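> coords below, sequence missing:
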């Protein structure tokens, strides 16, 4: 029995009412539409972090009623892990066909083109465009709702408070953008502004492939004077994104810290047992919010209520790909304490519930010396009165 899947790939930065109209046009022709946000855009576009774009798509899918099923795929992110080249549409469709054929023997895969991509001057730039047309059926949407992601970003770049925004995106997407403070105007004019197209990767080799990984790059990048650097050798410690949460009990005026052995501190000649906030490494298919709730239960026996975003940052971008996202999580710390951690992962974690004033004193005394904990507690100092007012 034939199973028809349409693939709509886009940056979705952010997803707009124009994207929704394309879905509404295509829904009657497919059993399922697969939404695939780009992880490394072929045209070098700089996008909001992938997890934000996926979350906005999830918000749309949960409220959009169509004649077919809607799914979101992060396959492009997986494909990027093994290559520095952009993920082209042809390669994406080929990989999807291989992965989906086993579950759907009667699979008919099609590519959904929005009105922009269907324009000859745009479609001609697609990698292996003619072969795509020959190998997979195309569904081309009409331009009935001329709303583009670039218009949303341009609007928000002028001011974050715009009544016109909800004409361009759904209420759910508008709320998410506001909550996460996405697409805010830059406070610093940077000209020229560089992106992926301004880096040339000559070679990449895997130097180490254990629990952690290390790659060596031979690359060139643009210089501010307009030229190019010579070929540079750069070694990169490859790490999956991590997420951390500072558990705060506003009623008891306490925060919860965890204490455990850290090999990095030991190797640096520092006190190997460190006081930290709860953190973990993001697993495939898991959202940052799901991760910190799970880690709070595993590491501290805590159930996290409201989650308030603090920041996202790169701990050591000169030599590591690790990204870290930090939250403040509201908890009941009355039962916090004792020993926790997963035995199968060799975790041995002691939990401390301390007053906010004690935590700040530990920070001032230099006993808290890892970046996520320092950033989270300094943020708490700046925002404590606001939190007490909003969540009392």
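Thanks, I have the structure now. All values derive from a computational prediction rather than experimental measurement.
> give me the buried stretch members for stretch 324-338, please.
Judged by neighbour count (16 or more other CB atoms under 10 Å), stretch 324-338 contains these buried residues: 324, 325, 326, 327, 328, 329, 330, 331, 333, 336. To be clear about C-beta, it is placed using only N, CA and C from the backbone, and glycine gets the same treatment.
> so can I have JSON lines of the residues you listed showing pLDDT and secondary structure?
Supplementary listing: these in JSON lines, determined by pLDDT from 0 to 100; DSSP: H, G, I helix; E, B strand; the rest coil:
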{"residue": "324", "pLDDT": "92", "secondary structure": "strand"}
{"residue": "325", "pLDDT": "91", "secondary structure": "strand"}
{"residue": "326", "pLDDT": "95", "secondary structure": "strand"}
{"residue": "327", "pLDDT": "94", "secondary structure": "strand"}
{"residue": "328", "pLDDT": "95", "secondary structure": "strand"}
{"residue": "329", "pLDDT": "95", "secondary structure": "strand"}
{"residue": "330", "pLDDT": "95", "secondary structure": "strand"}
{"residue": "331", "pLDDT": "95", "secondary structure": "coil"}
{"residue": "333", "pLDDT": "93", "secondary structure": "coil"}
{"residue": "336", "pLDDT": "90", "secondary structure": "coil"}
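> which among the residues you listed gets closest to residue 212?
Using CB to CB, the shortest approach to residue 212 within the buried residues of stretch 324-338 belongs to residue 324, at 15.5 Å.
> give the burial count for the closest residue to the closest one other than its chain neighbours, as a bare number.
Nearest residue to residue 324, sequence neighbours excluded (CB to CB, 6 or more residues apart in numbering): residue 242, at 5.0 Å. Residues lying near residue 242 (other CB atoms under 10 Å) number 19.
> now do residue 17
18.
> quick one: it and residue 146, what's the gap?
To residue 146, residue 17 is 10 Å away according to CB to CB, to the nearest Å.
> I'd say the residue nearest to residue 324 and residue 280 touch.
Yes. Assessed by CB atoms under 8 Å, residue 242 is found in contact with residue 280 at 6.7 Å.
> what residues are shared contacts of those two?
Shared contacts of residue 242 and residue 280 (CB atoms under 8 Å, 6 or more residues apart in numbering): none.
> what about stretch 8-26, distance to the chain center?
Distance of stretch 8-26 from its chain centroid, counting by CA atoms, centre = their mean, to the nearest Å, is 19 Å.
> and stretch 3-14, by the same measure?
Computed by CA atoms, centre = their mean, the chain-centroid distance of stretch 3-14 equals 18 Å.
> quick one: mean pLDDT over that stretch.
Mean pLDDT, computed over stretch 3-14, is 95.
> repeat for stretch 381-390
Averaging pLDDT along stretch 381-390 gives 93.
> in it, which residues are buried?
Buried positions in stretch 381-390, judged by neighbour count with 16+ other CB under 10 Å: residue 387.
> go on, stretch 178-189?
By 16+ other CB under 10 Å, the buried positions in stretch 178-189 come out as 180, 182, 183.
> start to end distance for that stretch?
Length of stretch 178-189, first residue to last, CA to CA, to the nearest Å: 23 Å.
> then stretch 60-79?
25 Å.
> ok, and what's touching it?
Residues from elsewhere that reach stretch 60-79, judged by CB under 8 Å, 6+ apart: 9, 15, 19-20, 23-24, 27-28, 30-40, 50, 54, 57-58, 87, 91-92, 95-96, 99, 170, 172-173, 285.
> can we see that at 6 Å?
For stretch 60-79, the external contacting residues (CB atoms under 6 Å, 6 or more residues apart in numbering) are 15, 27-28, 30-36, 38-39, 50, 57, 87.
> buried residues in that stretch, which are they?
Residues 60, 61, 68, 70, 72, 73, 74, 75, 76, 77, 79 are the ones in stretch 60-79 that count as buried (16+ other CB under 10 Å).
> shouldn't the first one be within a helix?
When you say that, I think you mean residue 60. Yes. When DSSP: H, G, I helix; E, B strand; the rest coil is applied, residue 60 is found to be in a helix.
> what's the pLDDT at it?
Here the pLDDT value assigned to residue 60 is 95.
> mind checking how far it is from residue 52?
With distances taken as CB to CB, residue 60 is found 13 Å from residue 52.
> give me the distance from stretch 194-210 to the chain's centre.
Worked out by CA atoms, centre = their mean, stretch 194-210 lies 20 Å from the chain centre.
> how about it: buried residues?
Residues 199, 204 are the ones in stretch 194-210 that count as buried (16+ other CB under 10 Å).
> kindly report the same for stretch 284-297.
For stretch 284-297, the buried set under the neighbour-count rule, 16+ other CB under 10 Å, comprises 288, 289, 291, 292, 293, 295, 296.
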